[in-house]
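Peer 1: Could you work out the structure for the sequence below:
(chains A and B)
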Amino acid sequence: MDLDFISEHFPRLLKATKLTIELTCLSLFFGIFVGVFFAILRTSKNKILFFISYYYSYIFRGTPLLVQIFIIYFGLGQVEWIRESFLWIFLKEPYSCAILAFTLNTGAYSSEIFRSAFETINKGILEAAEGLGLNKTHTFFKIKLPIVIKQSLPAYGNEMILMLKGTSLASTVTLLDLTGVAKHIISTTFRPVEVFIVAGSIYLLMTFIIHNFIKFLEKRLYYPK
Amino acid sequence: MKNIFKSFLSTIAVLAILFSNAQAGSVKIGTEGAYPPWNAKDESGKLIGFEVELANWLCIYMKADCTIVEQDWDGMIPGLIMRKYDAIMAGMSITGERMKVINFSQGYADEVAQLAVMKGSSLEGMDTPSGINLSLGGSNVKSALKTLTGALAGKTVCVQTATIHQNFLESGDVGSVTVRTYKTQDEVNLDLAAGRCDAALAAAVAFTDYAEKSGKPVVLIGPTLSGGAFGNGVGVGIRKDDTELLKAFNKAIDQARKSGKISELAIKWFGFDASM
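Peer 2: Predicted structure coming up:
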């Protein structure tokens, strides 16, 4: 390991980490809303809503993220009426294409996580809420949601880590995230080992932070049964 | 006991001979398969192109048993160093930067780079000489670069990553353009056609080839560019310690040039004689 070489390129990798964090946070943020929305649709008795939610999650969990990002970035860019519509303002930029792809992907996984969490809610609790005269909104926000958050934390922590690593695919649509810059440095220095070890360590550090953050939350939300 | 020892020794000797022969006689050549007409793949996934055919001829001259393997462009030089293959023939220009890590044979072909835009772009109709050689310098080159700098200011120019074209755009010769890099030239072409790039830079042939095959209105603009950051032609990349193979390739290229094979293949694939 050549420490001079590493310290020379480390600042650029750190700077690129900012974009990786940005992509991860934004995608997860939007993904939560998408996930909760589709999880609620999944519990709907309306068959059409159920099918929309079911197939959304089926398609986005059943295809590779790389394919999804390519379809959104290169695929939609080939369609002429999309290029001429207002959508192009949004889809022209690799940044927004990446966020869209990541959001839809993490949304599909989160919807499954939240759905199964919704299903763990004990019927007795809901009956008790009804008995106390709580209306639907109150029951949702004061009773269902806290239980769902607690139940889905371990699985959702996993999804956060997967999303963080998934953002490395942003480099395939020209974004200079951590992986993108690592590749860029390698392309001029031809030294993949050192650069990827450093980039990998940065990912590892971020994973470590997410992991412990979730652990901390799990402890906070713990209550004896 | 003595006999066993003897037969053991002879087995090792035979194996050693076999092994050394296999090493001297077989050469693995890495190419990208995504940079037509230099190297590409046909519909069945078979490698084709100028360099694939030339490689086979060079191997005949070297009396070597060659296999051509595929490698993504951005891992081309690391793959060579890590011994995934012994030589690179992938439209790779001979540049000082690359010479720091690998050796190059003499050049076998050369072609100019040029900017491309979609028809109707505001960049069309640039007033420059038809071609400039950056190595020559002079007022001609300076004024052409100045025109390019002015025209490209604030524009997004797309290139394949780790290429001479990227190096040129980032060298500051044309001011500070926004450079967007792609894994393959195919992706550059796609995004140029989609309108995400104001212009793209690559070998002029790469654009004419794309325009012809896709029917998209891609037009070349500005001067053809050579010399300087664009290197000195395309050669075979070989590991620094592999001097024997370097000699063999140089000799084979001499032979191929004398027999007219390089010109013949160049005309077949490029439509003009790009040999050197």
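Peer 1: Tell me where the stretch 1-150 of chain B has strands.
Peer 2: In the stretch 1-150 of chain B, the strands defined using DSSP state E, counting those that start in this stretch lie at B:26-31, B:40-41, B:47-48, B:65-70, B:87-88, B:102-104, B:113-118, B:131-133.
Peer 1: in its sheet, what does the first one sit against?
Peer 2: Using DSSP bridges, the neighbouring strands of strand B:26-31 in the sheet come out as strand B:65-70 (parallel), strand B:87-88 (parallel).
Peer 1: winner for burial among the strands of the stretch 1-150 of chain B?
Peer 2: Mean neighbour count (mean count of other C-beta atoms under 10 Å in any protein chain shown) peaks for strand B:87-88 among these, with a mean of 26. Every C-beta, even on glycine, is put in place using the N, C-alpha and C of the backbone.
Peer 1: Run the chain-centre distance for that one.
Peer 2: 11 Å (C-alpha atoms, centre = their mean, to the nearest Å).
Peer 1: and what of stretch A:206-220?
Peer 2: Remark: stretch A:206-220 is offset 16 Å from the chain centroid, using C-alpha atoms, centre = their mean.
Peer 1: what sits up against that stretch?
Peer 2: With contact meaning C-beta atoms under 8 Å, 6 or more residues apart in numbering or on different chains, stretch A:206-220 is reached by A:Thr17, A:Thr20, A:Ile21, A:Leu153, A:Pro154, A:Tyr156, A:Gly157, A:Met160, A:Ile161, A:Leu164, A:Lys165.
Peer 1: Pass me the low-pLDDT residue ranges in the chain, would you?
Peer 2: You didn't say which chain, so I picked chain A. Under the criterion pLDDT under 70, the flagged ranges of chain A are A:1, A:225.
Peer 1: That was the other one, I meant chain B.
Peer 2: Applying pLDDT under 70 to chain B flags the ranges B:1-24.
Peer 1: Run through who's touching the longest strand along it.
Peer 2: Longest strand in chain B, counting residues (DSSP state E): strand B:218-226. Strand B:218-226 has contacts (C-beta under 8 Å, 6+ apart) with B:110, B:112-119, B:121, B:123-126, B:128-135, B:144, B:147-148, B:151, B:168, B:189, B:192-193, B:199, B:204, B:207-208, B:210-211.
Peer 1: Give me the sheet partners of that strand and which way each runs.
Peer 2: strand B:113-118 (antiparallel), strand B:131-133 (parallel).
Peer 1: does B:Thr31 really touch B:Met92, like I thought?
Peer 2: No - proximity of B:Thr31 to B:Met92 does not meet the contact threshold set by C-beta atoms under 8 Å, at 9.5 Å.
Peer 1: Run through the residues that contact B:Met89.
Peer 2: Counting by C-beta under 8 Å, 6+ apart, B:Met89 has contacts B:Ile29, B:Gly30, B:Thr31, B:Asn39, B:Glu51, B:Leu54, B:Ala55, B:Val236, B:Gly237.
Peer 1: nearest to A:Lys123, of the residues you listed?
Peer 2: Of all the contacts of B:Met89, B:Gly30 has the smallest distance to A:Lys123: 63.4 Å, by C-beta to C-beta.
Peer 1: Roughly how far does the closest residue to the closest one other than its chain neighbours sit from B:Met62?
Peer 2: Spatial nearest neighbour of B:Gly30, excluding adjacent residues (C-beta to C-beta, 6 or more residues apart in numbering or on different chains): B:Tyr85 at 3.8 Å. In this view, B:Tyr85 and B:Met62 are 15 Å apart by C-beta to C-beta, to the nearest Å.
Peer 1: And for B:Asp191?
Peer 2: From B:Asp191 across to B:Met62, the span is 40 Å (C-beta to C-beta).
Peer 1: quick one, which of the two is more surrounded?
Peer 2: Counting neighbours by other C-beta atoms under 10 Å in any protein chain shown for B:Asp191 and for B:Met62 shows that B:Asp191 has the greater number, 23 against 19.
Peer 1: Including distance to A:Phe33, could the strands paired with strand B:26-31 go into a markdown table?
Peer 2: Shown next, in a markdown table, are the strands paired with strand B:26-31 (distance: least, C-beta to C-beta, whole Å):
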| stretch | distance to A:Phe33 |
| --- | --- |
| strand B:65-70 | 43 |
| strand B:87-88 | 49 |
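Peer 1: B:Ser275 pairs with what?
Peer 2: B:Ser275 has these beta-bridge partners by DSSP bridges: B:Ala109.
Peer 1: Compare the strands of the stretch 1-150 of chain B and give me the one nearest A:Glu84.
Peer 2: The nearest among these, by C-beta to C-beta, is strand B:113-118 at 14.2 Å.
Peer 1: In ChimeraX, select just the buried ones from the contacts of strand B:218-226.
Peer 2: Only the buried entries of the contacts of strand B:218-226 go into this ChimeraX selection, using 16 or more other C-beta atoms under 10 Å in any protein chain shown:
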select /B:110,112,113,114,115,116,117,118,121,123,126,128,132,133,134,144,147,148,151,168,189,192,193,199,204,207,208,210,211
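Peer 1: Much appreciated, bye for now.
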